[in-house]
Structure formats: structure tokens, C-alpha cells
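Enquirer: Need a 3D model of the following:
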Amino acid sequence: MARKNQTLGEFIIENQSSFKYTSGELSRLINSIRLAAKVVNHEVNKAGLVDIIGAAGETNVQGEDQQKLDVYANDKFIQTLTNRNIVCGIASEEEDDFIIVNSQDENHQNKYVVLMDPLDGSSNIDVNVSVGTIFSVYRRITPVGTPVQIEDFLQKGNEQVAAGYVVYGTSTMLVYTTGDGVNGFTLNPAIGTFYLSHPNMQFPEDGKIYSVNEGNYIHFPQGVKNYIKYCQEEEGDRPYTSRYIGSLVSDFHRNMIKGGIYMYPKSSKNSNGKLRLLYECNPMAFLAEQANGKASDGFMRVMDIEPTELHQRVPFFCGSKNMVEKAEEFMTFPSSEK
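Expert: Reported below is the predicted structural model:
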């Protein structure tokens, strides 16, 4: 039974039995993510004091400029997960290909792979806006005792065994699920311990916030344009409030607490959308569904999409259930009156 203000370590131990695989490996994996998050949090909070803000001078596999903290966070999470000998493979938004952990070890006995966006919204660091880490965990599907293969990572979101995010903001929080609800833990920086502060987090079924980059409005499909107009109409409990931070973790976190919808649709500039299915959309979809929300590509459940490549992009609509379903209506029938 979750008790507010219990530590993350206590919570993990007490809730191990609710997870269908009780070897303790997953618990150790979450503990490793907790450790890496504390290290990254310490560095994020030094932004502006030391030379860690701005571009690193490199681009990632998607052709995006890497920030210095992108590289730092990526290295720290990979290092922590690798050194603790918990996972058999890692895939990161910042890496061209997946990483085989313990490739020199013929045993390859570890059962889990981790996919992650080490620092979501990192361009916001320069202006002191919240950023985050997103992670997703699967059980490998290739035989234990062999090196991991690409198919271990290209699993549908409905096969996830755990997912979560860390938001580095006015306070640092780790929010995660293992398929038995969503719980949030806040870091006490004085002693370096995460405490349960948000037990059983839930999306309100309806909300009054819509989060989308309206600067791209002209490039959006007609169904999205119509839904945005619907959000702005003065009728009933509308107009809704527009709130867009530009960091998926921060926008998602706010909407889960207050009620709202986050949208990153396809556009004439990004025909497949911009967010990555494996590193961003699937873990956030798992969290949303475990918190009474919904996640869609505008037409179908995100976690039912069959991945075909590591860095695959998809459109993303996520948040309060009724709001996502209304957006889907506009996507399906873009020319009809609502």
C-alpha cells in the first residue's frame, strides 16, 4: 500500500510483488535510473555556473543540434545502466544504433532493454525552463544467453514492462509505472532521496488546457486546425487555455495534474510527425493509459503501432481521455461540423 512520503527505495521493495516478474532485476533497474537522474539533476542545476549550456557542436542521428547537456545526460544514463550490469541493451535518441551491454560476456543473462530520451527539451536549458528524461523498459524477446538484436527494441508499446520520466524543474520528480498505476516521487536535494509525493496519479477525464505549437498552425492537417478552433470557441466550458512549454515531459506532467491534451501532429514540414515512437511516444502513452488518460496518433492507439526502425517518428495526441477522443473525431471527419 503506497504511503505518502515513503522513500522510492521503500516503495520499490514493498511493491515488487505486484510485478509479474519478481526476480528483483526490474527493481534494481529503477534504482539505477534513480541514481543517474540524481547525477543529471545535479548538473542541470549548475547550468549558467559552469560551461554546460549551449550546443555541443555535434548533431544526433536525426540531424538535430546536440546540446552539451544532451551528451552529458546520455553518457551518465548509459554509464550507470552499463556499470550496474542490469540490462542487456540500451537504445538512446542520441545514439545512431542500439548498444549491446556486456558484449564481451558470453553469458548475456540480463533480461531487460532500456530505450530513452536522456534529456527531452534540452534547448530550454539556456533559458532556465524545465526539461526531463524519458525511459521505457522491455523484456528481451531473443534468447537469454545471446547478444541482443534489433527486434528486442522494435516491440510494440503494449509490451512495455515499465516506463517513466524525470522532470527537472522547480523541484525534481521521478514519475513511473510498472503497469500498476502511476506514482510520482519528489527529490529532497538536501539528502538526495526521492519521496512519494504524488501517489496514484490520474488524468482528469476532461481538461481545459491544450498544448500545441500553434506557430506551425498553417502546416497542420485540416482536422487539427478544426480541433484548435474548437478549443478556442466560446461555448460551454470553452474556450480552453493554451499552454505550450516545448518540453514534452513538462507539458505532459502539467496536463496529467490539471487536465489537458498535448498534440504534436504531422505537418507539411514533418510528414510523419516529429516525436519518436520508441523514446517518447510509447513511454508517455503507457503512463497516460495507466493514469486514466489516452494516447493516439490521431487515428489509433499509439501502443498498438508496429515499430519498423529505432528512430521512427509518429504523430502524437495524448492526455485527458475525452479531449483526445474529441481530437480523433476531428481527425477522422475533418470536413464535418462538430
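
Enquirer: Give me the domain ranges for the chain.
Expert: Structural domains assigned to the chain are 8-198, 209-332, following automatic domain parsing.

Enquirer: Point out the most buried one among those domains.
Expert: Mean neighbour count (mean count of other Cβ atoms under 10 Å) peaks for domain 209-332 among these, with a mean of 20. From N, CA and C alone the C-beta is placed, and that goes for glycine too.

Enquirer: From start to finish, how long is that one in a straight line?
Expert: 22 Å (Cα to Cα, to the nearest Å).

Enquirer: tell me the mean pLDDT over it?
Expert: Averaged across domain 209-332, the pLDDT comes to 97.

Enquirer: Quick one: the strands in the stretch 151-300 of the chain, in order.
Expert: For the stretch 151-300 of the chain, applying DSSP state E, counting those that start in this stretch gives strands covering 162-168, 172-177, 183-188, 193-198, 209-211, 241-242, 260-264, 275-276, 293-296.

Enquirer: so where's the stretch 51-200 of the chain uncertain?
Expert: 51-67, 103-107 (pLDDT under 70).

Enquirer: Include distance to residue 132 when you put the strands of the stretch 151-300 of the chain into CSV, please.
Expert: As requested, these are exported to CSV (distance: least, Cβ to Cβ, whole Å):
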stretch, distance to residue 132
strand 162-168, 5
strand 172-177, 9
strand 183-188, 12
strand 193-198, 15
strand 209-211, 14
strand 241-242, 21
strand 260-264, 13
strand 275-276, 13
strand 293-296, 17
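
Enquirer: how about the most centrally placed residue in the chain, what does it touch?
Expert: Centroid check for the chain by Cα atoms, centre = their mean gives residue 134 as the closest residue, at 3.8 Å. By Cβ atoms under 8 Å, 6 or more residues apart in numbering, residue 134 lies in contact with 116-117, 120, 163-165, 248-249, 279-280, 283-284.

Enquirer: re earlier: with respect to residue 79, which of the strands of the stretch 151-300 of the chain lies nearest?
Expert: Ranking the strands of the stretch 151-300 of the chain by proximity to residue 79 (Cβ to Cβ) places strand 162-168 first, at 16.2 Å.

Enquirer: The closest one pairs with which strands, parallel or anti?
Expert: When pairs are called by DSSP bridges, strand 162-168 turns out to pair with strand 131-139 (antiparallel), strand 172-177 (antiparallel).

Enquirer: Show me how far the shortest one is from its chain's centre.
Expert: Centroid separation for strand 172-177 versus its chain: 10 Å, with Cα atoms, centre = their mean, to the nearest Å.

Enquirer: So what angle separates the directions of that strand and strand 183-188?
Expert: Strand 172-177 runs at 160 degrees relative to strand 183-188, counting by axes from the mean of the first three to the mean of the last three Cα atoms, to 10 degrees.

Enquirer: now what about strand 172-177, what contacts it?
Expert: Residues outside strand 172-177 that contact it (Cβ under 8 Å, 6+ apart) are 8, 30, 33-34, 37, 41, 162-167, 182-187, 189, 194, 197-198, 201, 253, 286-287, 290-291.

Enquirer: let's see it at 6 Å
Expert: Contacts of strand 172-177 with the rest of the structure, by Cβ atoms under 6 Å, 6 or more residues apart in numbering, involve 37, 41, 164-167, 184-187, 194, 287, 290.

Enquirer: And for residue 201, the neighbour number?
Expert: Neighbourhood size, residue 201 [other Cβ atoms under 10 Å]: 19.

Enquirer: tell me the contacts of residue 295?
Expert: 285, 288, 302, 318.

Enquirer: Farthest pair within the residues you listed?
Expert: 288 and 302 (8.7 Å).

Enquirer: that older thread, can you redo the contacts of residue 134 as CSV, where the extra columns are distance to residue 126?
Expert: Listed next are the contacts of residue 134 as CSV, based on distance: Cβ to Cβ, whole Å:
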residue, distance to residue 126
116, 22
117, 18
120, 15
163, 28
164, 26
165, 21
248, 18
249, 17
279, 22
280, 21
283, 25
284, 24
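
Enquirer: before we move on, the earlier item: just the ones in helices from the contacts of residue 295, please.
Expert: 285, 288 (DSSP state H).

Enquirer: In a markdown table: the contacts of residue 295, plus distance to residue 108.
Expert: Putting the contacts of residue 295 into a markdown table (distance: Cβ to Cβ, whole Å) gives the following:
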| residue | distance to residue 108 |
| --- | --- |
| 285 | 29 |
| 288 | 33 |
| 302 | 30 |
| 318 | 35 |
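
Enquirer: now, which of the contacts of residue 295 sits nearest residue 145?
Expert: For the contacts of residue 295, the nearest to residue 145 is residue 285 (31.4 Å; Cβ to Cβ).

Enquirer: Would you mind confirming that residue 142 makes contact with residue 153?
Expert: No: using Cβ atoms under 6 Å, residue 142 is not in contact with residue 153, being 10.4 Å away.

Enquirer: Tell me which of the strands of the stretch 151-300 of the chain sits nearest to residue 87.
Expert: It's strand 162-168; of the strands of the stretch 151-300 of the chain, that one is closest to residue 87 (Cβ to Cβ) at 11.7 Å.
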